[in-house]
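**Student:** below is the sequence, then the predicted model.
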Amino acid sequence: MQYRVQISLFILALSFILSACGEKQAPTNHPLNTSNIVLVEGSPEAIGLLAFLNHVSTTYEVLDLRVPLNSRAAEHIISHRNGKDGDFASSDDNPITSIAELDSIELVGPITIQKLRTFAMNNGW
């Protein structure tokens, strides 16, 4: 009898732990906190930032020198957007369509996104 109680308690505790560790889906419109600035998917700021990143005038040099970003982060953003052939405005382009997608690019995080946001806002995007 005592073992049954212990086993029941163990199973109950284990199920509690497993339920607490389960995968949780992030809301589709979650804000990205970038150094005390909240950037929400679909907001005018987010739309402007994405328009800037997907525009033909946004090159590696713009991101590296004018924004300025870490050169490797700038390279990863442009490589992601331009696709395998490296040319913009070609059939294999991969436009950045969300802040979450931008955040998922290697070497891009809150500091990079904040720099991009500030640059885009200050330049009319």
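**Tutor:** Structure's in. What do you need?

**Student:** helices of this protein, residue ranges please.
**Tutor:** With helices called from DSSP state H, the chain shows them at 2-20, 44-53, 60-61, 71-82, 99-104, 110-122.

**Student:** who does the last one touch, helix- and strand-wise?
**Tutor:** With contacts defined as 3 or more C-beta pairs under 8 Å, 6 or more residues apart in numbering; DSSP states H and E, the secondary structure elements packing on helix 110-122 are strand 31-34, strand 37-40, helix 44-53, helix 99-104. Where C-beta positions appear, they are placed from N, C-alpha and C, glycine not excepted.

**Student:** which residue is nearest the centroid of this structure?
**Tutor:** Asp103 (1.9 Å; C-alpha atoms, centre = their mean).

**Student:** isn't that residue up against Ile113?
**Tutor:** Yes. At 6.5 Å, Asp103 and Ile113 qualify as touching, with contact defined as C-beta atoms under 8 Å.

**Student:** tabulate the helices and strands packed on helix 110-122 (CSV), appending mean pLDDT and distance to Asp64.
**Tutor:** Rendered in CSV, the data for the helices and strands packed on helix 110-122 read as follows (pLDDT from 0 to 100; distance: least, C-beta to C-beta, whole Å):
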stretch, mean pLDDT, distance to Asp64
strand 31-34, 50, 20
strand 37-40, 78, 22
helix 44-53, 97, 14
helix 99-104, 96, 16
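
**Student:** so can I have CSV of the ones you listed showing distance to Val62?
**Tutor:** CSV is the format used below for those (distance: least, C-beta to C-beta, whole Å):
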stretch, distance to Val62
strand 31-34, 20
strand 37-40, 20
helix 44-53, 9
helix 99-104, 15
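
**Student:** out of these, flag the one nearest Asp93.
**Tutor:** Among the helices and strands packed on helix 110-122, helix 44-53 comes nearest to Asp93, with 11.9 Å by C-beta to C-beta.

**Student:** any buried residues in that closest one, and which?
**Tutor:** In terms of neighbour count (16 or more other C-beta atoms under 10 Å), helix 44-53 has its buried residues at 45-46, 48-50, 52-53.
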